[in-house]
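In: Sequence below, structure please.
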Amino acid sequence: MPHYDFTSPRLFVRDDLAPGATIALDRPQGHYLKNVLRLKPGDGVLAFNGRHGEWRTRLEVSGRSAVDLVVGEQTRPQPGAGDLHYLFAPLKRARLDYLVQKAVELGASRIAPVFTRHSQPERVNLERMHANAVEAAEQCGVLAVPEIVAAAPLARALKDLGDERLLVFCDEVAPVSDPLAALAAARLASPRPPLAVLIGPEGGFAEDERAMLLARDRVIRLALGPRILRADTAAVAALALVQAVLGDWV
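Out: All right, here's what the predicted structure looks like:
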């Protein structure tokens, strides 16, 4: 387990990180550090960009509002890239915020809304999704912010997955009483496959959508126990199961 410093504030930046580099923060980030957290010049901030690991920086203020970070030493190297795609039918805003945050915490590398027959006609705000992903990464010590992609119809989203990726989709009517055993069988066939998890709408998949999913060569259809779960709860349960048996928890 790598060492995590949860006492210092963490900030996601887009600039390259290297010793001695100066990063000019945008106004909202500067306001957050100086006026919300009330940091002073010289205070430490941990910075990461998803490419170069985590670095200790110090805060500098010039003029009335300009806030910079001066990069010092690296505290953690960038881990190997994860390869877990999370696909879901859009949810209402508050539950979508929660879902994105938990997907980041559970190691999703790509988050993709998909439209299905029974999806609620919700507008998907990609900027808000990205902001929630960044916030979750900053708060939980994650060093990579997942890719957020535009919503697509289910058929196109499945095509974009490619043929080699193992798709785990959750279906309350699946005839699988032991999801752990079903995932373990897939692990025996391929110890560390590229993965995708799909959670459908609360109205379930239409029969033609279910047939399209089952027509894939690499697919596992799971039921998540004896209770019907809300879509955001199902996301956490499914991602935890997949990571524990097939992903980077093993």
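In: When you work out contacts or count neighbours from here on, use the C-alpha atoms and nothing else.
Out: Noted.
In: Just to check, Leu96 is in contact with Pro90?
Out: Yes. Counting by Cα atoms under 8 Å, Leu96 touches Pro90, with 7.3 Å between them.
In: The least confident helix or strand in the chain by mean pLDDT: what's the following helix or strand?
Out: Across the helices and strands of the chain, mean pLDDT, DSSP states H and E gives its lowest value to helix 179-189, namely a mean of 83. On the C-terminal side of helix 179-189, the nearest following helix or strand under DSSP states H and E is strand 195-199.
In: partners of that next one, with directions?
Out: According to DSSP bridges, strand 195-199 forms sheet pairs with strand 84-88 (parallel), strand 166-170 (parallel).
In: tell me the angle of the helix or strand following that strand relative to strand 166-170?
Out: The helix or strand immediately downstream of strand 195-199 is helix 207-214, counting by DSSP H and E. Interaxial angle, helix 207-214 versus strand 166-170 (axes from the mean of the first three to the mean of the last three Cα atoms, to 10 degrees): 150 degrees.
In: Just the CA coordinates for stretch 128-135, please, in PDB.
Out: Provided in PDB are the C-alpha atoms of stretch 128-135 (Å, rounded to 0.1, in the frame of the first residue of the first chain):
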ATOM      1  CA  ARG A 128     -20.200  18.500 -14.300                       C
ATOM      2  CA  MET A 129     -19.200  14.800 -14.500                       C
ATOM      3  CA  HIS A 130     -15.600  15.800 -15.100                       C
ATOM      4  CA  ALA A 131     -15.700  18.200 -12.100                       C
ATOM      5  CA  ASN A 132     -17.100  15.500  -9.900                       C
ATOM      6  CA  ALA A 133     -14.400  13.100 -11.100                       C
ATOM      7  CA  VAL A 134     -11.600  15.600 -10.300                       C
ATOM      8  CA  GLU A 135     -13.100  16.300  -6.900                       C
END
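In: which residues are contacting it?
Out: Applying Cα atoms under 8 Å, 6 or more residues apart in numbering, the external contacts of stretch 128-135 come out as 12, 96-97, 100-101, 104, 145-146, 148.
In: any idea how far that stretch is from the chain center?
Out: 9 Å (Cα atoms, centre = their mean, to the nearest Å).
In: Next, find the distance separating Asp43 from Leu154.
Out: Distance, Asp43 to Leu154, using Cα to Cα, to the nearest Å: 48 Å.
In: Look at these two and report which has more neighbours.
Out: Taking Asp43 and Leu154 together and counting by other Cα atoms under 10 Å, Leu154 has the greater number of neighbours (21 against 15).
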